[in-house]
Structures are given as structure tokens and as C-alpha cells.
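# next comes the sequence, and after it the predicted model I'd like to discuss.
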Amino acid sequence: MFPASKKTPALNDPRTRSKTLSSATPAKSGRSTPVSLSRNSSPPKSPPKNRAAHLYPAPTPPPVLSIADAEEGLVDYKNVEDLSAEIDEQDLLDLDGTGGAGGEDKVLVSIRMKPTSDDTPATWIRDGSGLKLDEAFAKTGSKPPEFLFDKVLTGSENKSIYDATARSHVRAAMDGFNAVIFAYGQTASGKTFTLSGDDANPGIIPCSMKEVFKHIRRTPKREFLLRASYLEIYNEQIHDLLSPPSSVSGSGLGIQDGVGVVGLREEVVTSLKGIKEVLERGEANRRTASTDWNERSSRSHSVFRLVIESREVGASDQKCPSTPNALATPGGTRLQTRGGRSVQASVLSLIDLAGSEKATSDKERTKEGKYINMSLLTLGSVISTLAENASKGKSDHVPFRNSKLTRMLQPSLSGNARISVICTINPTPSAIPESTSTLQFASRVKKVHLSATRKEVIDKDALLDRYRKEIEELKAQLAEREREAPVRNRRLSAKQQIDENKAVHDINGRIQQLTKLILTSHTVTQNKWDESRPGSPSKLDFDRSPYELQEELHRAKSELERQNLRIISLETALEQRPAIPLDAPEYEKDAKILELQKMLRELEMVNTRYEENLGSPLRAVKEDVEKEWKGRVEALEEEARERDEYVRECEKGLEKEKQAKNKLIEQNQALIAFVEQIDSHISQRKSTVTNTLRPTNSFLSSFKPTLSPLAEKIINSPYRSNLDSPSPMKLQLRPQPSLLDQTPEDGLEDPDASFGPMYGNRSVLSLEEDKENIN
Ligand SMILES: Nc1ncnc2c1ncn2[C@@H]1O[C@H](COP(=O)(O)OP(=O)(O)OP(=O)(O)O)[C@@H](O)[C@H]1O
């Protein structure tokens, strides 16, 4: 209620002043909401009148420039869940199928007020579709501003917001009108929340996409083809979110008059799941950052576009006569075709604008903020001029070219689109200036005139038609091959027949692929907007580390590989099937089935006879032989085990022998060393004797210590007794007294002493002979 306005209805918009008064009247009086603002409450059943056509010649919306790998968007319809039973109240209220989309010549302007905490005082007072600033917050001496809009919405529930602000526009888009829905407002006021929402509370984009598939299911007379694109305008540059440049500094895309965004990637989508995947991919590339006001603030304007092509089912071969022809289309108007095939093409654009903001503490954010504010300012002045032109019948220059955003929106803002603007405000006392500015913008938008018309495209522009044509041509090729097959196949070699089958298989595959891209009420299915979707879109994704992204890339590649393998195995399975085309006549399929059944019976008979004549007797013989040989095999195994045991014992004994032998070799070597030592002493002594004939005591004392420790060890060794064995060396050494036990005198007493030193009763020379023997 506006107590003040009842007496002094000084509203901003003079055209709505009197209507506001009526809206302020209590509901009990039976008065409805303002006439001009209640269009949606009673949707006209007749097609819209092109009232402003003379003012705004309808510019053509940008046609599709690049279809990047249309088949890439293919999603198997069998994988998605059917939600056809999901009918809500709004559907039941809207049984005429227009969805309130007809007759729109003005922008639908709604305000959404973000809820505040209980202790925050309410600054804006809502009354029906009017809003007024609480007098307590108005400047002293000045009248609090008041506004009137189509809807003023509060609360956190997004579904009702969708129903009130977007549903009719989505339906209009499905009926062939261009439609634009955008959210405008101060930063952190809830634009992204309204458009995207979260899992539990899906926003306008997911709700719209559901609506699209619901519409297709309920329109059996038409077939559809959907293409999605996603872009952002960041610092006055357009970036393709589905095909981001490899480097961050990559320059943006350009806009061409009458063409639109040049080089934008568009992907054919066939299910909600496919659209969700496209959105998620795009959102992952969006620029968001934490600002002083919003932890995840959109730093760019984002535009999600869905191009919708549709035509009557089975109309592919209906050539229209050159005279104006009438092809009935849902919604009322009858399209004129120029001797071509009639395909409706429309674009649904869902725009999340970046929020206007004050300067921030961060340099980078401030630079972004300048661009954001500049483009929003341009949008504001474009809207002002359009509104002015409309209300005063003027045709002043509209500064569309002053920003990328307005340049891109030019075709829609010029009138050729149904537009819904949701202005979000934050009703806290500190945000009053921004909210007032947003509401003023919303008031101006309300004055803009629209004159949306349906657009039809002929063959070369419509992908739907191109695909349908290709399908027809491929089917004709198949039919031709079928016809010629009986004669031609007889002449073909085995290899040529394989090639022929492969060619037919390829054609069938392509037909199936193309058919899946064209959606009809029979083929389209819906799946739920996945509940695992991250809240307040994936603004967070821009901050992901390269490692995380690489991980994801790796996962995606593995998945791709897995899918490729699956495709190969399915293709192999398909090739092994009987070579009969899917669209072959039923009698041919029946004949093939009968032939296969006959073959099966024959194989079963062969199998039974084999079993009776050979199978059982052979098995009996086998059992006898096995029984007989079993005992023998066991005995042989036992014998082998014993032999192994014996061999192991032998090996152990051999090992012991080896160790003993090694010890003997060691002793032998020690003995040789000992003998060599003796040998050297003998030769020493020999020379001494030769020189002095009589060795002195000092010689003897020097002799004894020269024995090596090894020699001593051997002398003291317990193995010395081994010398008793009848080795030739030992035999000669045994009778000899030890050198150490002898005195020089002993030697000299010997009568042969003059001929050389003596050891016991033997001369040095005879010792030398012994040594020769050892060696
Ligand atoms: N109606 C609402 N109910 C509950 N929460 C809301 C509502 N509107 C916004 N919010 C919350 O406020 C925060 C900011 O919202 P959001 O990110 O949507 O703002 P924005 O206008 O898109 O900001 P920016 O322009 O900076 O991107 C989010 O946490 C969001 O969940």
C-alpha cells in the first residue's frame, strides 16, 4: 500500500500514473491490476499485431555462422529420463498453448527484491506491482520515488519467478519469435541466482530448457533442431565460451552488421543433458572473481543462445507454389514462402549481465568495473533513446555502436524480439542509490516498443532442412541399391560384396545420426536437470588450478577413449548382423528370419546325430583309457619322486667332498709356500757357507726369525700329521730333523761339510733334489 500515493500519485512514469492509482485500490473493490501491466493475465488468442512496425523495421537476427561439428552435440536419447508426465499447474492453466506469448509489443519488466535479514529495515515497500521507497529513507523535503512495473517479486523461490517472467517468452521462441530474457541490477543483487539458481532451486535457464523439450513433446505436428552457443563480453571483448582461445590474451570475436557474432561456435543439442553439458562447459570458462560485495561476482556479461528451427513434420517434399502459400504454424500466423521449404528460425537469448558497481580496492576489479559500468551506461542510453523515440514518435540516432553489448542486442532491442527484463535489487539502506538507478532503468525499458515477427528461412539457411534433405537423398540411394541388388550382387566378387555391405552400413549409420539430431515429439525425451549441478553456477571454475584442469582433461580423454572402444565394438556387432537394411520391407525381414530359423534347425539336427553316433561312444573309450593309465601314471610319479630324493642326497655328499678337497688344496698351497721359504733359506745358507764355510752364531740367530708365520702355522698345524701319508715329498722330508733343531756345528761335524752345508746326515744338494720332487 502506498498511503501517500493515494492522495498524490506522482509516479515517475506519467503514462502509468492513473493506472497506478487504480492498482492501489484494494482488491476487494474488484479492480484488477493496471491494464497496461496485466497483459499476461489474459493472453490474446490471436496473433500479435505489428503495431510499431512502421517505427522499427524489423532487422533480421544474426543467422548462424559456424556450425562446429554438429554431430558432436549428439547425445543418445535412450540415456535420458522421460519427464513427460511432469505437468505443472501453469501448464493446465495455459491450455491454449500460447503461453501468453501473443500480442507482446512491450518489454515485460519485473523487479526481484532480494530477501534481507530480519534485522535489516525494509527500504522499499511493495504494493502489488508497484514499489515505493519508505519515507523514512527518502531525502528530507523530497518525495519518495515510486515506480510501477509488470511484476514485483520477492522471495527465494525461482520457479515462480520463471513462471512470471520467462515462461511466455520461451514459448514465444518455440513458436518462432526471437526472445530475450535478461537480468539487470547492481552487483550481488541476485542476477545469477535468478538466471541459473542451484540444484534445489533451478533458475530461469534450466527451467527454460525444460520448457523447450516439453514443448517439443507436445507438438507432434512439428520437428525441431536446436543449436546452442554461449559467449561472454569481458572488458569489451567477445569471447566464445564453448571454444575459448588457447591463450588468455586471445582477441575477441567480431560483430558484423546483419550477421551477428562472427565465428561463434554453435553445437546441435538433442536433450536436456546435452544442453546442461554445454552450459557447464561454458560456465567453466566464465570470468568471475571475488569483489568487495560478491564472493563470486560475474565479471562479464554472459549470453546463452538457443537457435530453434522448426517445420511441419512431413513437409520436406512439399514444394510451395510460387504464389504466396500458406503453411499453418502453431500460434496463428501463416507463413509466406518463396517457392522453398518453410522453416521457422528463432533465437532464445538468456543474458546474465555483469553488475554495476562502485570503484573497488582491487586494481584489476576496478578496470573490469569501468568496462562493466560503461557498457551498462550505453545500454541505459540506448534504452532511453528507444523509449523516447517510441513515446514521442521520433527517430533519433540510437547509440547501439557504443558498446559490444548494445551492438549485439541491436536486432532484439530494435524491436524484433519478445523481451523480458528482470531487474534485481538489494533492499538494504546502503544500496538505495543503486536500487533507485536500477528501477529508473527498468521504468525506461518499459517504454520501449517491440514488433517481433516470426522468421522463416529457406533451404540454404536452415540446418534442419539441410539435414532432412540429406536424409532423403541417402534414403533414395539406399532404395536404388536395393532395387539393383538382386542383379548386381550376382556379378560381384566376395570382396566387392563386403564393400557393398559396408557402403550400405555407412549410409544407414549416417541416416540414423542425422535423424537423431532432428527432434520430434516421438523421439525427444527429457532428463532431469541433474541434481548434482553446483550452486550459483560454476563461477568457481575459473579459479581452478591447471593441475585440476589437466586432471579433468585426462578424465575426459579416458572417457572418450572408452566411448570410442564401445563404438568400435558396437559397429563390429552390427556388421555381424544379417545384411539387411533397417528400412527393408517387412516381408524381406520375415524371409530372412525364416531362413535363419531353418539354418538353426539343420544345425540342431547335425548336432544330435553327432552326439548319438560319435559323441557318446568316444566318451566311453576315453573314460576306459583314462582309468587304465591312471595307476601307471601314479607309479611313475612315485618313482620319479624317489629318484629326485636320491639325487638330492648325492648332491649333498658331493658338496661335502668338494669342501674337503678345497681344504686339502689350501694345505697343499701352504706347504708349497713353506717349501719355497726353506728353499730360499737354503740358498742363502749355501752362499754363506761358500763364503765363510762356517756359519757364525749371528747367522743362525738371523736365520730363525726369517720363518714366515705361515710356515710356523703349518709346522704347528694339526694337519702336520698328514705328512705321514705316503706323499713323495713327505717321504723325503719325514726323516729330516727340523732345520731349527740343528746347530751349525752339527753340519760341520759331517765329513762332507767341506762340500756344503749339511742337514742331518744329508747335504743341501740332496735337499734341493727333494724340492725338485715336490715341484
Ligand atoms: N532471491 C534470493 N534469495 C536468496 N539468496 C539470494 C537471492 N538473490 C541473491 N541471493 C544470494 O546473493 C548472493 C549474490 O547473488 P548473485 O551472485 O546471484 O548476484 P549477482 O547479481 O549475479 O552479482 P554479480 O553481478 O556480482 O555477479 C549469492 O550468494 C546468492 O545466492
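Great, that's in hand.
# burial count for the residue in the stretch 301-450 of the chain positioned nearest to the ligand?
Closest approach of the stretch 301-450 of the chain to the ligand (C-beta to the nearest ligand atom) occurs at residue 355, with a separation of 2.6 Å. For glycine as for every other residue, the C-beta is placed from the backbone atoms N, C-alpha and C. Residues within reach of residue 355, counting by other C-beta atoms under 10 Å, total 29.
# who's in contact with it?
Going by C-beta atoms under 8 Å, 6 or more residues apart in numbering, residue 355 touches 185, 186, 187, 188, 189, 191, 294, 297, 298, 372.
# of those residues, the lowest pLDDT goes to which?
Among the contacts of residue 355, residue 294 has the lowest pLDDT, at 55.
# save the contacts of residue 355 as CSV, and put in secondary structure too.
Formatted as CSV, the contacts of residue 355 follow (DSSP: H, G, I helix; E, B strand; the rest coil):
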residue, secondary structure
185, strand
186, strand
187, coil
188, coil
189, coil
191, helix
294, coil
297, strand
298, strand
372, helix
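# mind checking the longest helix of this structure?
The helix that spans the most residues within the chain, counting by DSSP state H, is helix 616-692.
# same for that one, what does it pack against?
Applying 3 or more C-beta pairs under 8 Å, 6 or more residues apart in numbering; DSSP states H and E, we find helix 616-692 packed against helix 697-703, helix 709-716, helix 764-774.
# tell me which helix or strand residue 275 sits in.
Here residue 275 sits within helix 272-284, counting by DSSP states H and E.
# give me the residue from the stretch 151-300 of the chain nearest the ligand.
For the stretch 151-300 of the chain, C-beta to the nearest ligand atom, closest residue to the ligand: residue 190, 2.6 Å.
# give me the number of residues near that residue?
Residue 190 has 24 neighbours, counted by other C-beta under 10 Å.
# also the one 5 residues further on?
Counted with other C-beta under 10 Å, the burial measure for residue 195 works out to 30 neighbours.
# for it, give its distance to residue 661.
Between residue 195 and residue 661 the computed distance is 95 Å (C-beta to C-beta, to the nearest Å).
# ok, now residue 378?
Residue 378 sits 106 Å away from residue 661, going by C-beta to C-beta.
# so which of the contacts of residue 355 comes closest to residue 504?
The nearest member of those to residue 504, counting by C-beta to C-beta, is residue 298 at 51.7 Å.
# mind listing the helices for the stretch 351-500 of the chain?
Counting by DSSP state H, counting those that start in this stretch, the stretch 351-500 of the chain has helices at residues 363-392, 404-413, 432-446, 463-491, 494-517.
# so the following helix or strand past the last one versus helix 494-517, what angle?
Counting by DSSP H and E, the next helix or strand C-terminal to helix 494-517 is helix 546-575. Here helix 546-575 runs at an angle of 130 degrees relative to helix 494-517 (axes from the mean of the first three to the mean of the last three C-alpha atoms, to 10 degrees).
# so helix 546-575 versus helix 272-284, what angle?
160 degrees.
# who does helix 546-575 touch, helix- and strand-wise?
Right, helix 546-575 is packed against helix 494-517 by 3+ C-beta pairs under 8 Å, 6+ apart.
# follow-up on the earlier one: so for residue 378 and residue 661, which sits in the more crowded spot?
residue 378 (19 against 10).
# spatially, what comes nearest to the more buried one if we skip its sequence neighbours?
Residue nearest to residue 378 in three dimensions, not counting chain neighbours: residue 403, with 3.9 Å by C-beta to C-beta, 6 or more residues apart in numbering.
# so what's that neighbour up against?
Counting by C-beta under 8 Å, 6+ apart, residue 403 has contacts 236, 374, 375, 378, 379.
# pretty sure the first one sits against residue 371.
Yes. Counting by C-beta atoms under 8 Å, residue 236 does reach residue 371; the two are 5.4 Å apart.
# so those two - more neighbours on which side?
Comparing residue 236 with residue 371 by neighbour count (other C-beta under 10 Å), the higher total belongs to residue 371, at 20 against 14.
# domains of this structure?
Listed domain ranges for the chain are 3-12+62-314+342-457, 463-529+547-579, 587-774 (source: automatic domain parsing).
# tell me the most buried of those domains?
Stretch with highest mean neighbour count among the domains of the chain: domain 3-12+62-314+342-457 (a mean of 20; mean count of other C-beta atoms under 10 Å).
# any weak-confidence spans in this protein?
1-104, 245-251, 258-259, 288-297, 314-341, 357-368, 455-461, 525-545, 575-579, 689-775 (pLDDT under 70).
# what about the residue lying closest to residue 151 once chain neighbours are set aside, which SS state?
Distances taken as C-beta to C-beta, 6+ apart place residue 110 nearest to residue 151, at 4.0 Å, with adjacent residues excluded. In terms of secondary structure, residue 110 is strand; the call rests on three-state DSSP.
# and the gap between residue 110 and residue 134?
Between residue 110 and residue 134 the computed distance is 21 Å (C-beta to C-beta).
# re earlier: quick one: the helix holding residue 275 near the ligand?
No. Contact of helix 272-284 with the ligand (C-beta under 6 Å from any ligand atom) is absent, the minimum separation being 12.5 Å.
# sorry, back to before: hey, what's the residue nearest to residue 151 bridged with?
Beta-bridge partners for residue 110, by DSSP bridges, are residue 151, residue 422.
# in contact with it, which residues?
Contacts for residue 110 (C-beta under 8 Å, 6+ apart) come out as 149, 150, 151, 152, 153, 161, 164, 165, 420, 421, 422, 423.
# let's see it at 10 Å
Residues in contact with residue 110 (C-beta atoms under 10 Å, 6 or more residues apart in numbering) are 129, 149-153, 161, 164-166, 183, 194, 420-424, 442.
# quick one: residue 298 from residue 169, how far?
Distance from residue 298 to residue 169, counting by C-beta to C-beta: 22 Å.
# residue 349 in helix, strand or coil?
Of the three states, residue 349 takes strand under three-state DSSP.
# what helix or strand is the closest residue to it other than its chain neighbours located in?
Excluding its sequence neighbours, the residue lying closest to residue 349 (C-beta to C-beta, 6+ apart) is residue 180, at 4.6 Å. Applying DSSP H and E as the criterion places residue 180 in strand 179-185.
# can I get that strand in CSV, CA atoms only?
Coordinates of each C-alpha in strand 179-185 appear next as CSV, following Å, rounded to 0.1, in the frame of the first residue of the first chain:
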residue,chain,number,x,y,z
ALA,A,179,13.0,-13.8,-27.4
VAL,A,180,15.5,-12.2,-25.0
ILE,A,181,15.4,-12.6,-21.2
PHE,A,182,18.0,-10.7,-19.3
ALA,A,183,18.8,-9.9,-15.7
TYR,A,184,19.9,-6.4,-14.8
GLY,A,185,21.0,-5.0,-11.5
